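> Quick one, fold the following:
(2 chains)
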Amino acid sequence: MSAAVSAIRQPLITGNKTYHDITEDICGPTERTPSKAWMIAFIVSVAALSLYVFSVTWTIWKGIGSWHLNRTINWGWDITNFVWWVGIGHAGTLISAILLLFRQRWRTGVNRAAEAMTIFAVMCAGQFPLIHMGRLWLGFFIFPYPNTRGPLWVNFNSPLLWDVFAISTYLTVSLLFWYTGLVPDFATLRDRSKGLRKKVYNIFSFGWTGSAKHWQRFESLSLILAGLATPLVLSVHTIVSFDFATSVIPGWHTTIFPPYFVAGAVFSGFAMVQTLMVITRKVLHLEDYITLEHIDSMNKVILVTGTVVGVAYLTELFIAWYSGYIYEQFAFYNRVMGPYFWSYIGMMSCNVLSPQLFWSKKMRTSIYWTFVMSIFVNIGMWFERFVIIASTLSRDYLPSSWSYYSASWVEVCIFIGTLGLFFTLYLTFTRVAPVVAVAEVKSILKQAGDQYSGPEVARKQAAEKAHAGH
Amino acid sequence: MKTSNKEVLFGLYDDEADLLHAVHQAKADHLDIMDVFTPFPVHGLDEALHLSESRIHIAGFIYGAIGALFGFLSMTWIFTRDWPIIFGGKPYWSVPAFIPITFELTVLFAAVGMVISYFTVNGQGPGVTNPVLHDRITDDKFCIAFDVTESADEEIGKLKAFFAASGASEVNSKQL
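Below is the predicted model of the structure:
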């Protein structure tokens, strides 16, 4: 009964689990008191979150002048962080939607946590454009609504407005996709609990019973939401890249930006998934569900997207030289050799060189190296955005307005603060919801787990059907 | 599933293969299954129960089309009728620039509409409590339920015999 699926595919669930074991293993951590490691992590995250509240209050109170932006460099850490966080979000949708369409069953082990990461990362991303507005309380002006000022509308031709629609749609759709998947698992938690806990999960589980018709609709809905989320996720980072590509700034005005940004987004997102998964599987003892096979698969994605990004960097340099346009050539010369050369080196070494280690299977299946590399990639992708934004703006057409920029303490604190926001949300999530999609993992147990019952069961069912037909 | 004074007889199975086997047998015996409850989607169950295909994708298409039309026509009206402004010497009706927002609204309307429809037709929502036949159905038990409110004793006996023959690990009845 428990023969491996095939000689080349490792089982996706190990440990000879029954359905009940899966429920216990995944729901258990939400029912026990948190571990010491969790408590310490939570306290640190909340401390960082309070730093965020403080530094944002400071910014709003004193004005954007408390940042070190100037007339030449009017986008700095804020938009760098925005693009970085949006990019991180993309891996969650890729895992949950694109891998669903491609029928990659290994996604079931990691999709729940990755989708949670997407939502939290997009929430962090959204903070930066909002704070950068300065007058936060007038933030609703970015939405077109009939108003008493004319009505005066927003500019629908502006990529910045497209961004408003893209990011808010992305957040909404990701949240709906995630929550509809959570409902059956909340019902599992509900049916295991008593008292107040049962009442709370009763509200969140929406009265789920597990009826066959409901499961049928559930699967249909998941498939179509995945089909919608796939072009959506590609459109979101494409539109983020339009913020730059549709401008007339040398170094930004390039047609390579959309695919290059999307590849970079998937790259950085998978790195963040690895950072979180390596810790989560260890702390919550989920090694049987998030196996080395999962880590290996994700490292392969990192290797591919990292190499795509590397090719994009080289293509940019070549096209700048080949264009024969001195302003474009200078923009790239300045990136590599200018005052921000250190960030270009950081970007190239972390994003292009370091993932090449993953050609080795030994590296891909090493937990230690996976964690180290995921941190490298996160840093490298932050540098990429900084290179594109700050180093390009620092040397514009007029040498008289050339300038240099380094972040003020307020900007640094806001960035650290969003990390606090992200980890506070993620840690809370690991306490209140199953971090692995319970129902989905159960549904693949006998198809791709170590209890594969494959052809025998299929044959048995076929016999049954024939029998029923008589 | 509506709350009413229903008497339900249900049997629990330990494995999806046993459940599928039992469902096929019940259909062959012309037993009137009220509902089947499982902890996860079981493949082949839809066909076994002769469930018609979900029409949620049709609803999704309609919502998406509404979103696309709403987005595109609003922008058209605003920029050609309500308050025309020239941006960068481009025409008022600059269709390519409207595509990103039209696309986003298509996805937004389709997703939100489908999710609302899904929970509505399922009879689910925040705070809704539907009767649960057994606490382990959302864990590891597979359940077939029969409505026996108006059944005679001999019919109930027949159903119990069916459960025993098809290998149910537990048979119980519950008032809903």
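> mind giving me the domain split of chain B?
Here the domain assignment for chain B is B:7-52+B:135-175, B:56-122, based on automatic domain parsing.
> And the strands in chain B?
Taking DSSP state E, the strands of chain B run over residues B:7-13, B:35-37, B:142-147, B:170-175.
> how about those, which one is nearest chain A?
Checking those against chain A by Cβ to the nearest Cβ gives strand B:35-37 as the closest, at 4.3 Å. The way it works is simple: take the backbone N, C-alpha and C, and place the C-beta from them, glycine included.
> What lies in contact with the closest one?
Outside strand B:35-37, the residues within contact range by Cβ atoms under 8 Å, 6 or more residues apart in numbering or on different chains are A:209-213, B:1, B:19, B:23, B:45, B:49, B:133, B:137, B:142-145.
> which residues does residue 165 contact?
In the absence of a named chain, chain A is used. With contact taken as Cβ under 8 Å, 6+ apart, A:Phe165 is in contact with B:100-101, B:104-105.
> wait, chain B
The contact partners of B:Ala165, by Cβ under 8 Å, 6+ apart, come to B:Gln25.
> again, but for A:Gly126
By Cβ under 8 Å, 6+ apart, the residues touching A:Gly126 are A:167, A:171.
> From A:Ile142, how far out is it?
Shown here: A:Gly126 relative to A:Ile142, a distance of 11 Å by Cβ to Cβ, to the nearest Å.
> next one: B:Gln175
In terms of Cβ to Cβ, B:Gln175 sits 55 Å off from A:Ile142.
> on that earlier part again, out of the domains of chain B, flag the one nearest A:Pro339.
Closest to A:Pro339 of the domains of chain B is domain B:56-122 (Cβ to Cβ; 32.2 Å).
> That closest one: how far from the chain's middle?
Here domain B:56-122 is found 27 Å from its chain centre; the criterion is Cα atoms, centre = their mean, to the nearest Å.
> Is it in proximity to chain A?
Yes: interface with chain A: domain B:56-122 contributes B:56-57, B:60, B:64, B:74-75, B:78-79, B:82-83, B:85, B:87-88, B:90, B:94, B:97-98, B:100-101, B:103-105, B:107-108, B:110-112, B:114-115, B:118-119, B:121-122 (Cβ under 8 Å from any Cβ of the partner chain).
> Of the residues you listed, keep whichever come out buried.
With neighbours counted using 16 or more other Cβ atoms under 10 Å in any protein chain shown, the residues of domain B:56-122 next to chain A contain these buried positions: B:56-57, B:60, B:64, B:74-75, B:78-79, B:97-98, B:100-101, B:103-105, B:107-108, B:110-112, B:114-115, B:118-119, B:122.
> residue contacts, the residue nearest to A:Ile295 when sequence neighbours are not counted?
Spatial nearest neighbour of A:Ile295, excluding adjacent residues (Cβ to Cβ, 6 or more residues apart in numbering or on different chains): A:Thr370 at 5.6 Å. Neighbour list for A:Thr370: A:274, A:278, A:295, A:299, A:364 [criterion: Cβ under 8 Å, 6+ apart].
> ok, A:Thr370 to chain B distance?
To chain B, A:Thr370 is 29 Å away according to Cβ to the nearest Cβ, to the nearest Å.
> and the helix or strand where that residue lies, which residues are buried?
Following DSSP states H and E, one finds A:Thr370 within helix A:367-386. Across helix A:367-386, burial judged by 16+ other Cβ under 10 Å covers A:369-371, A:373-374, A:376-386.
> coming back round to it: turn the strands of chain B into a markdown table, columns for mean neighbour count, distance to A:Lys442 and mean pLDDT.
As requested, those are exported to a markdown table (neighbours: other Cβ atoms under 10 Å in any protein chain shown; distance: least, Cβ to Cβ, whole Å; pLDDT from 0 to 100):
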| stretch | mean neighbour count | distance to A:Lys442 | mean pLDDT |
| --- | --- | --- | --- |
| strand B:7-13 | 22 | 14 | 88 |
| strand B:35-37 | 23 | 14 | 90 |
| strand B:142-147 | 24 | 11 | 89 |
| strand B:170-175 | 14 | 19 | 86 |
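> Report how many residues lie close to the residue in the stretch 151-300 of chain A that chain B sits nearest to.
Nearest residue of the stretch 151-300 of chain A to chain B (Cβ to the nearest Cβ) works out as A:Gly207 at 3.5 Å. By other Cβ atoms under 10 Å in any protein chain shown, 22 other residues sit near A:Gly207.
> Can you pull the phi/psi pair for it?
Recorded main-chain torsions at A:Gly207 are phi 80, psi 30, according to degrees, to the nearest 10.
> Kindly report the same for the one 4 residues further on.
Backbone torsions of A:Ser211, given as degrees, to the nearest 10, read phi -60, psi 150.
> Nearest residue to it in space, please, no chain neighbours.
The spatially closest residue to A:Ser211, leaving aside those adjacent along the chain, is B:Asp35, at 5.2 Å (Cβ to Cβ, 6+ apart).
> beta partners for the one you found?
Judged by DSSP bridges, the bridge partners of B:Asp35 are B:Ala145.
> Any stretches of the chain with poor pLDDT?
Let's take chain A. A:1-10, A:447-470 (pLDDT under 70).
> You answered for a different chain; I wanted chain B.
If you take pLDDT under 70 as the line, chain B has these spans: B:1-4.
> My guess is A:Leu445 contacts A:Gly15. True?
No: judged on Cβ atoms under 8 Å, A:Leu445 makes no contact with A:Gly15 at a distance of 10.9 Å.
> These two: which has the busier surroundings?
Counted by other Cβ under 10 Å, A:Leu445 and A:Gly15 do not tie: A:Leu445 has more neighbours, with 23 against 15.
> check contacts around the more buried one.
Applying Cβ under 8 Å, 6+ apart to A:Leu445 gives the contacts A:13, A:17, A:19, A:22, A:451.
> Could you measure from the fourth one over to chain B?
In other words, A:Ile22. The gap separating A:Ile22 from chain B is 8 Å, by Cβ to the nearest Cβ.
> so which strand or helix has that residue?
A:Ile22 belongs to helix A:19-31 when elements are defined using DSSP H and E.
> got it, and the second one?
A:Lys17 is part of no helix or strand when elements are defined by DSSP H and E.
> Not counting its neighbours along the chain, what's nearest A:Ile379?
Distance criterion Cβ to Cβ, 6+ apart; nearest residue to A:Ile379, sequence neighbours excluded, is A:Cys350 at 5.4 Å.
> Neighbours of that neighbour, how many?
A:Cys350, neighbours per other Cβ under 10 Å, totals 23.
> and if you look at A:Leu161?
Neighbourhood size, A:Leu161 [other Cβ under 10 Å]: 20.
> try A:Ile389
Here the count is done by other Cβ under 10 Å, and A:Ile389 has 25 residues near it.
> correct me, but it touches A:Asn74?
No: between A:Ile389 and A:Asn74 there is no contact under Cβ under 8 Å: 9.8 Å.
> which residues sit against stretch A:195-202?
If you take Cβ under 8 Å, 6+ apart as the criterion, stretch A:195-202 is touched by A:186-187, A:189-190, A:193, B:127, B:129.
> A:Trp359 and A:Ser168, how far apart?
Counting by Cβ to Cβ, the gap from A:Trp359 to A:Ser168 is 40 Å.
> Those two: who's more crowded?
A:Ser168 (16 against 11).
> can you pull the contacts of the more buried one?
Residues near A:Ser168 by Cβ under 8 Å, 6+ apart: none.
> Quick check: which element contains it?
Per DSSP H and E: A:Ser168 is located in helix A:159-192.
> now that helix against helix A:19-31, angle please.
Going by axes from the mean of the first three to the mean of the last three Cα atoms, to 10 degrees, helix A:159-192 is angled at 110 degrees with respect to helix A:19-31.
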